[in-house]
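>>> Let me see the structure of the following:
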Amino acid sequence: MKKIGITDQLSFVIIGIFYGLTFLFGYIYGVGKENSKAYSTLDQKKLIHIVLIEFKPSLSDTQLQQVSDAAYRLQQIKGVQSLNFGVNTSPEGLNKGYTHSLTMKFSDAYSRDSVYLPHPIHQDFVELFVPLTNTVLVYDYWE
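Predicted coordinates for the structure are as follows:
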């Protein structure tokens, strides 16, 4: 068996260190950053859930307050990241009868579809809310 000299051993160590560091730096400053940017962009996207509401003309102030209170209780549902219930203030006159809106943000479709929609607090809200409306328009999109 042939013995490897000290120079050859040192060369192998230097080459090993060089390739190891090249791989490490390439991963950290190349592939690692590209992947982290992609994931952070996905993490920042939010699912926006908008409900436009045309209430019946017979709606009383007390009933509107009950709907508003019930709407804000929806924030208790895990997955609802933010919620706003408000009245239309646009001066354009293009609201087509919709006077109020309910807007929510979710981090993902699962939170909306499997947590929020079947949740008892949401079901109670729908039971209170729907009989007081003429029409409702629901529109969801990714922000």
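>>> Domain ranges for this protein, per the record?
Dividing the chain into domains by automatic domain parsing, as the record does, gives the ranges 1-44, 45-142.
>>> following the helix or strand bottoming out on mean pLDDT in the chain, which helix or strand shows up next?
Least confident helix or strand of the chain, by mean pLDDT, DSSP states H and E, is helix 32-44 with a mean of 53. The first helix or strand that comes after helix 32-44 along the chain, using DSSP states H and E, is strand 47-55.
>>> Indicate each strand paired with that next one and its parallel or antiparallel sense.
Using DSSP bridges, the strands paired with strand 47-55 in its sheet are strand 100-106 (antiparallel), strand 133-142 (antiparallel).
>>> got the contact list for the first one?
Residues from elsewhere that reach strand 100-106, judged by CB atoms under 8 Å, 6 or more residues apart in numbering: 46-53, 55, 71, 74, 79-88, 112, 116, 143. The way it works is simple: take the backbone N, C-alpha and C, and place the C-beta from them, glycine included.
>>> For Leu10, find the nearest of the strands paired with strand 47-55.
strand 133-142 (56.6 Å; CB to CB).
>>> What residues of the closest one count as buried?
For strand 133-142, a neighbour-count test (16 or more other CB atoms under 10 Å) marks Val136 as buried.
>>> just to revisit the earlier point, any idea which of the domains of the chain has the lowest pLDDT on average?
For the domains of the chain, mean pLDDT drops lowest on domain 1-44, to a mean of 65.
>>> for Lys3, what are its contacts?
Not one residue lies near Lys3 by CB under 8 Å, 6+ apart.
>>> any idea how far Ala70 is from it?
Separation of Lys3 from Ala70 (CB to CB, to the nearest Å): 85 Å.
>>> ok, now Phe106?
Taken as CB to CB, the span from Phe106 to Ala70 is 19 Å.
>>> Go ahead and flag the most central residue of this structure.
Central residue of the chain (CA atoms, centre = their mean): Ser107, 2.3 Å from the mean position.
>>> Let me see the backbone angles for that one.
When read as degrees, to the nearest 10, the backbone of Ser107 gives phi -80, psi -20.
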